[in-house]
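Enquirer: What shape does this take:
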Amino acid sequence: MIHSLSRLGTFAAFAMAFALAAPAVSAQSDDEKLELGREVFLERAEPACGLCHTLADAETDGGIGPILDDLQPSSEQVRLAVTLGVGPMQPYTELSEEEIEALAFYVATVTGGTVSEP
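Expert: As a prediction, the model looks like this:
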């Protein structure tokens, strides 16, 4: 019985330490997603998003698609536009799920749109 209580205490201490460390890990993860999303916006997506879209953070001045800073799309709206296409914009079928999620997170975050979990 005492041995079980000791193991429970060790587990509780480990769980608490993990919970306290989680916010720092999450912030680093967000920074990495922002960096990857910006890279997808500027370089990985073909054609590059900035050819059509204006986005201040990416310093692009596209004249075909909506001005994303004004539109302030949610991450879900970006995700759907990228995966399904919208209007003249074709879906980006060559992007990985990770790249799409990072792109959606990036655009929503830098424009002030709502960020939601996938």
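Enquirer: what ranges do the strands span in this structure?
Expert: 54-55, 60-61 (DSSP state E).
Enquirer: And the spatially most central residue of the chain, how far from Glu59?
Expert: A centroid search over the chain (C-alpha atoms, centre = their mean) returns Phe105, at 2.4 Å, as the residue closest to the centre. Distance of Phe105 to Glu59, given as C-beta to C-beta, to the nearest Å: 19 Å. C-beta here means a position set from N, CA and C on the backbone, and glycine is covered the same way.
Enquirer: now Leu51
Expert: With C-beta to C-beta as the criterion, Leu51 and Glu59 are 13 Å apart.
Enquirer: try His53
Expert: For His53, the distance to Glu59 under the criterion C-beta to C-beta works out to 12 Å.
Enquirer: repeat for Ile100
Expert: When C-beta to C-beta is applied, the distance between Ile100 and Glu59 equals 22 Å.
Enquirer: same question, Val78
Expert: Per C-beta to C-beta, Val78 is found 19 Å from Glu59.
Enquirer: List the residues that contact the residue nearest to the residue nearest to the centre of the chain when sequence neighbours are not counted.
Expert: The spatial neighbour of Phe105 that comes closest, neighbours along the chain excluded (C-beta to C-beta, 6 or more residues apart in numbering), is Lys33 at 4.7 Å. Neighbour list for Lys33: Glu101, Ala102, Phe105, Tyr106 [criterion: C-beta atoms under 8 Å, 6 or more residues apart in numbering].
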